[in-house]
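> got a sequence here, can you model it:
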Amino acid sequence: QVQLVESGGGLVQAGDSLKLSCAASGRSFSDYHGAWFRQTPGKEREFVAAIRGSDGNSLYSESAKGRFVCSRDNAKNTVFLHMNFLKPEDTAVYYCAAKTGSFYSYDTSDPTKYNYWGQGTQVTVSS
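Predicted coordinates for the structure are as follows:
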């Protein structure tokens, strides 16, 4: 079992940066791939970024490429999402997730493939 707790959300202005953290407890987090999803009211949960457990290789959505960086510190069982040049459309609840198994783009971006989820942290970007 893995428990995930996100932190770092808040209210920022367009163009600002924000760093989200996802602290994992339980088994060694290096055994798990980590990911970030986001969701706004009435919409499906959207893939943002994912990072492989073994070597830190990462994948990004088109909206995140070039602006967001996903990293991890396995010694601290923590995954991060560094968000830069934030836009109002980035406003959402951001969720951390974890899974084992394959790390292909087709399943890494699918929220139904993840076994563990955090409670979410709100990110609001004002224009």
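
> going forward, measure contacts between C-alpha atoms and count neighbours the same way
Will do.

> tell me how far stretch 13-21 lies from the chain's centre.
Relative to its chain's centre, stretch 13-21 lies at 13 Å (CA atoms, centre = their mean, to the nearest Å).

> repeat for stretch 9-16
17 Å.

> quick check: buried residues in that stretch?
9, 12, 14 (16 or more other CA atoms under 10 Å).

> ok, and what's touching that stretch?
18-20, 84-88, 121-127 (CA atoms under 8 Å, 6 or more residues apart in numbering).

> kindly recompute the last result at 7 Å.
20, 84-88, 121-127 (CA atoms under 7 Å, 6 or more residues apart in numbering).

> report the buried members of these.
Using 16+ other CA under 10 Å, the buried ones in the contacts of stretch 9-16 are 20, 84, 86-87, 121-126.

> nearest to Asn57, of the residues you listed?
In terms of CA to CA, no member of those lies closer to Asn57 than Leu20, at 18.2 Å.

> lowest average confidence, helix or strand, in the protein?
helix 105-108 (a mean of 85; mean pLDDT, DSSP states H and E).

> this completes my enquiry, with thanks.
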